[in-house]
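Peer 1: I would like to see how this sequence folds:
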Amino acid sequence: MSVKPLIILPDPLLRQVSKPVERVDAPLLKFAGDMLDTMYDAPGIGLAAIQVGEPLRLVVIDLAKEGETPEPQIFINPEIMASGNDTNVHEEGCLSIPDYYAEVERPASVTVRYLDKDGKQQELAADGLLATCLQHEIDHLNGVLFIDHISKLKRDMVMRKFKKLARTA
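Peer 2: Okay, here's the model as predicted:
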């Protein structure tokens with residue numbers, strides 16, 4: 001497994017809609033392993049394939065805290081089938097928007113349909129941090145960033161900052 005370079009804002013690739021995975025096979029699972037290595041190295045709790053330059057509908061998540069046994073999860077072609085009526089506010093960050101965090105309000109629970117690493121269709125009812133993380137990563141697959149869920153003023157400030165950093169890099 002290997003660590004991949006992260007795509008950083010304002011790279012337009014982050015706004016691309018990812019394509020469905022057509023086959024669950026060994027190369028895809030190796031790539032998912034590379035994504036997990038990249039996420040752990042960053043460190044983060046979730047990563048979408050587009051964040052390492054591959055516009056595929058593939059997400060990896062591990063909510064285990066430091067010192068706990070890792071619990072990696074792979075979601076292939078995930079889609080939100082239902083959202084709860086209640087909402088939660090979590091402070092979100094993103095490996096593609098380093099060192100920026102903001103409070104984001106999202107549904108407190110979601111039901112997600114996806115393919116597992118064996119290519120079998122699964123459905124998962126998630127709440128709390130897992131629900132937030134799934135929504136954040138599935139947004140990535142649709143070209144949506146967490147800053148799209150904050151005020152236009154704050155979003156514009158973040159975009160200006162990262163465009164300026166990209167020019168000076």
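Peer 1: ok, the residue nearest the centre of the chain - contacts?
Peer 2: For the chain, the residue nearest the mean C-alpha position is Glu137 (2.6 Å; Cα atoms, centre = their mean). Shown in contact with Glu137 (Cβ atoms under 8 Å, 6 or more residues apart in numbering): 46-48, 59, 61, 75, 78. (C-beta placed from N, C-alpha, C; glycine too.)
Peer 1: could you say which helix or strand contains it?
Peer 2: For Glu137, the element it lies in under DSSP states H and E is helix 128-141.
Peer 1: buried residues in the host helix or strand of Lys163?
Peer 2: Using DSSP H and E, the element containing Lys163 is helix 152-168. Using 16 or more other Cβ atoms under 10 Å as the test for burial, helix 152-168 gives 155, 158, 162.
Peer 1: just the CA coordinates of the helix or strand bottoming out on mean pLDDT in the chain, formatted as PDB?
Peer 2: Here the helix or strand of the chain ranked lowest by mean pLDDT, DSSP states H and E is helix 152-168, holding a mean of 94. Output of helix 152-168 as PDB, limited to C-alpha atoms (Å, rounded to 0.1, in the frame of the first residue of the first chain):
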ATOM      1  CA  LYS A 152     -21.200  32.700   1.300                       C
ATOM      2  CA  LEU A 153     -19.100  35.300   3.100                       C
ATOM      3  CA  LYS A 154     -17.000  32.600   5.000                       C
ATOM      4  CA  ARG A 155     -16.800  30.400   1.800                       C
ATOM      5  CA  ASP A 156     -15.500  33.300  -0.200                       C
ATOM      6  CA  MET A 157     -12.900  34.100   2.400                       C
ATOM      7  CA  VAL A 158     -11.700  30.400   2.400                       C
ATOM      8  CA  MET A 159     -11.600  30.400  -1.400                       C
ATOM      9  CA  ARG A 160      -9.600  33.600  -1.600                       C
ATOM     10  CA  LYS A 161      -7.100  32.300   1.000                       C
ATOM     11  CA  PHE A 162      -6.600  29.000  -0.900                       C
ATOM     12  CA  LYS A 163      -6.300  30.600  -4.300                       C
ATOM     13  CA  LYS A 164      -3.700  33.000  -2.900                       C
ATOM     14  CA  LEU A 165      -1.800  30.000  -1.300                       C
ATOM     15  CA  ALA A 166      -1.900  28.200  -4.700                       C
ATOM     16  CA  ARG A 167      -0.400  31.200  -6.500                       C
ATOM     17  CA  THR A 168       2.500  31.400  -4.000                       C
END
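Peer 1: list of residues touching that helix?
Peer 2: Counting by Cβ under 8 Å, 6+ apart, 8-11, 97, 100, 102, 147-148 sit against helix 152-168.
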